[in-house]
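Trainee: Show me how the following folds:
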Amino acid sequence: MGLGRAFLWHVVSILSSLAAAVVVGVALPVSDPESALAEILLLVVFFGCYTALLTLYWYRNTYLPARAEDTA
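Mentor: Predicted structure coming up:
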C-alpha cells in the first residue's frame with residue numbers, strides 16, 4: 001500500500017473518530033458539559049475509534065493478500 005493511501009487512511013480514521021466523538025458528545029446527557037467525566041468519555045470514544053480503525057488498517061496490510069494494483 002502506497003504512502004498516499006496510508007496517509008488518506010489516517011485522515012479518514014481521524015475524521016471518523018471525531019465524528020463518533022461529536023455524536024456521543026451531543027447525545028451525552030450531562031448537566032455540565034465541561035465536567036471531567038464528559039471529557040474522559042469523549043477521549044475514550046475518540047481514541048477507541050481511532051485505534052480500532054488503525055487496527056483494521058494493520059490487519060488488512062499484514063494478513064490479507066495484496067491486490068494486483070498494490071503490487072504493481
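
Trainee: Below-threshold pLDDT in the protein: ranges please.
Mentor: Scanning the chain for pLDDT under 70 picks out the ranges 1-2, 29-34, 66-72.

Trainee: Regarding the nearest residue to Val12 once chain neighbours are set aside, which helix or strand does it belong to?
Mentor: Nearest non-adjacent residue to Val12, counting by C-beta to C-beta, 6 or more residues apart in numbering: Leu53, 7.7 Å away. Placement of C-beta: from N, CA and C, glycine included. Taking DSSP states H and E as the criterion, Leu53 maps to helix 36-63.

Trainee: who does that helix touch, helix- and strand-wise?
Mentor: helix 3-27 (3 or more C-beta pairs under 8 Å, 6 or more residues apart in numbering; DSSP states H and E).

Trainee: Okay, angle between the helix it packs on and helix 36-63 too, please.
Mentor: Helix 3-27 runs at 150 degrees relative to helix 36-63, counting by axes from the mean of the first three to the mean of the last three C-alpha atoms, to 10 degrees.

Trainee: any idea how far helix 3-27 is from the chain center?
Mentor: How far helix 3-27 lies from its chain's middle: 5 Å, per C-alpha atoms, centre = their mean, to the nearest Å.

Trainee: Which positions within that helix qualify as buried?
Mentor: Burial within helix 3-27, assessed by neighbour count using 16 or more other C-beta atoms under 10 Å, is assigned to Trp9, Ser13, Ser17, Ala20, Ala21, Val24, Gly25.

Trainee: quick check, nearest of these to Tyr59?
Mentor: Trp9 (12.3 Å; C-beta to C-beta).

Trainee: isn't that closest one right up against Tyr57?
Mentor: Yes: between Trp9 and Tyr57 there is a contact at 5.2 Å, judged by C-beta atoms under 8 Å.
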